[in-house]
Structures are given as C-alpha cells and as structure tokens.
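**Q** Sequence and predicted structure, then a few things I'm wondering about:
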Amino acid sequence: MVRSQRLMLPKYFFLALLIGVCGYALWRGHRDERIAAAACLAATVATRFVISPVTSRYNGIETGLLIVDMAMFLTFLFIALKSDRFWPLWVAGLQLTMTMAHLLKAVELQLLPKAYAAAAIFWSYPILLILAVGTWRGHRRDRRDAARG
C-alpha cells in the first residue's frame, strides 16, 4: 500500500509523514486507528521486500505489490465493516483504487511504467491524511465526552 517513488513527493517526506501519522494514530487512536496504522507500517516494510529491482520496476505487473495492496484493502475493508466511524470507508475506497492500478496494468500491458507507478502510489498520501484526521477527531471527541462527565 504505502510506498514512495521519485516521481511523487520525495521519499523522506513520505517516510516522515508515515512515521508521524502512524505514531500519532498508535498513541492517540482507538482500535481502528491503531490497526490501520500498524497495517500501513507493515505494508511499507513488506513493500521493500517484494518490489521489483529498479531496472524493471513497474514494467510488468508488480505481483508482490498486488498482494500487499490486496491485504491492505482487506484490512481496511474489515475495519470499515466493523467501525462506527466514517473515515475507514474512505480509506478502504482509496485502497481499492490503488489495487485497481494492478488491474489496469494487466488489461493494458503497454501502460507506461510511470503511469502505473503513479496510480499505484498516489493514494497513499490521502490515506495517511485521512487516518490522521480520523485519529484527531476521535481524540477530540474523547476529550469532549470526558469534559461532559
């Protein structure tokens, strides 16, 4: 799910965003936010092991990334189906969009590697931002409820 390329924002920006958002979600989030954060971190690590070498990256279907993206989609879908919050629906939908990038490459093998990479990477950023907002809103709601008594 979560990965960065030179064609997107710099790798270190992505890693800082990932660590910041996931750290915040693990620290302040509820069960849903913590599961999502742990999944994002695990997917980022897994991606490093399954991605093709740079010389052939995104030239064909990235099977390893497809598996990681499907696992992330199923994780986010599980969260969305069990949650009483709205943010998991957005995250699951965006992850499904990322997963469909692999289908696009399968249908159109001539799809340019940069277009395939962009389709497979881009939605990682909004997913992290939605997770941050969902965590913040949940924490704010907890504080408001605690103040009410």
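**A** Yep, that arrived. Numbering: from 1, shown residues only.
**Q** which helix is the longest one in this structure?
**A** Determined from DSSP state H, the single longest helix within the chain is helix 124-148.
**Q** quick one: low-confidence parts of the protein?
**A** Along the chain, the model assigns pLDDT under 70 to residues 1-9.
**Q** which stretches of it form helices?
**A** Counting by DSSP H, the chain forms helices over residues 11-28, 31-50, 63-82, 87-107, 113-121, 124-148, given from the N-terminal end onward.
**Q** Of these, which is nearest residue 56?
**A** Evaluated over these, closeness to residue 56 peaks at helix 113-121, with 9.0 Å, by C-beta to C-beta. Any C-beta I mention is one placed from the backbone N, CA and C, and that applies to glycine too.
**Q** Which secondary structure elements does that closest one sit against?
**A** helix 87-107 (3 or more C-beta pairs under 8 Å, 6 or more residues apart in numbering; DSSP states H and E).
**Q** Touching the helix it packs on from outside, list them.
**A** With C-beta atoms under 8 Å, 6 or more residues apart in numbering as the contact definition, helix 87-107 has outside contacts at 1, 32, 36, 58, 60-62, 65-66, 69-70, 72-73, 76-77, 79-80, 111, 116, 119-124, 126-127, 130-131, 133-134, 137.
**Q** Show me just the buried residues among these.
**A** For these, a burial check counting by 16 or more other C-beta atoms under 10 Å picks out 1, 32, 36, 58, 61-62, 65-66, 69, 72-73, 76-77, 79-80, 111, 116, 119-124, 127, 130-131, 134.
**Q** what comes up buried for stretch 80-94?
**A** In stretch 80-94, residues buried by neighbour count (16+ other C-beta under 10 Å) are 80, 83, 87-94.
**Q** Stretch 25-39 too?
**A** In stretch 25-39, residues buried by neighbour count (16+ other C-beta under 10 Å) are 25, 29-30, 32-37, 39.
**Q** Can I get that stretch as PDB, trimmed to CA atoms?
**A** This file holds the C-alpha atoms of stretch 25-39, laid out as PDB (Å, rounded to 0.1, in the frame of the first residue of the first chain):
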ATOM      1  CA  ALA A  25      -2.600   7.000  15.500                       C
ATOM      2  CA  LEU A  26      -0.800   4.400  17.700                       C
ATOM      3  CA  TRP A  27      -0.500   6.900  20.500                       C
ATOM      4  CA  ARG A  28      -3.900   8.700  20.400                       C
ATOM      5  CA  GLY A  29      -6.100   6.400  18.300                       C
ATOM      6  CA  HIS A  30      -8.700   3.800  19.100                       C
ATOM      7  CA  ARG A  31      -8.600   0.200  18.000                       C
ATOM      8  CA  ASP A  32      -9.500   1.100  14.300                       C
ATOM      9  CA  GLU A  33      -6.800   3.800  14.000                       C
ATOM     10  CA  ARG A  34      -4.200   1.500  15.600                       C
ATOM     11  CA  ILE A  35      -4.900  -1.400  13.300                       C
ATOM     12  CA  ALA A  36      -4.800   0.900  10.300                       C
ATOM     13  CA  ALA A  37      -1.500   2.500  11.400                       C
ATOM     14  CA  ALA A  38       0.100  -0.900  12.100                       C
ATOM     15  CA  ALA A  39      -1.100  -2.100   8.700                       C
END
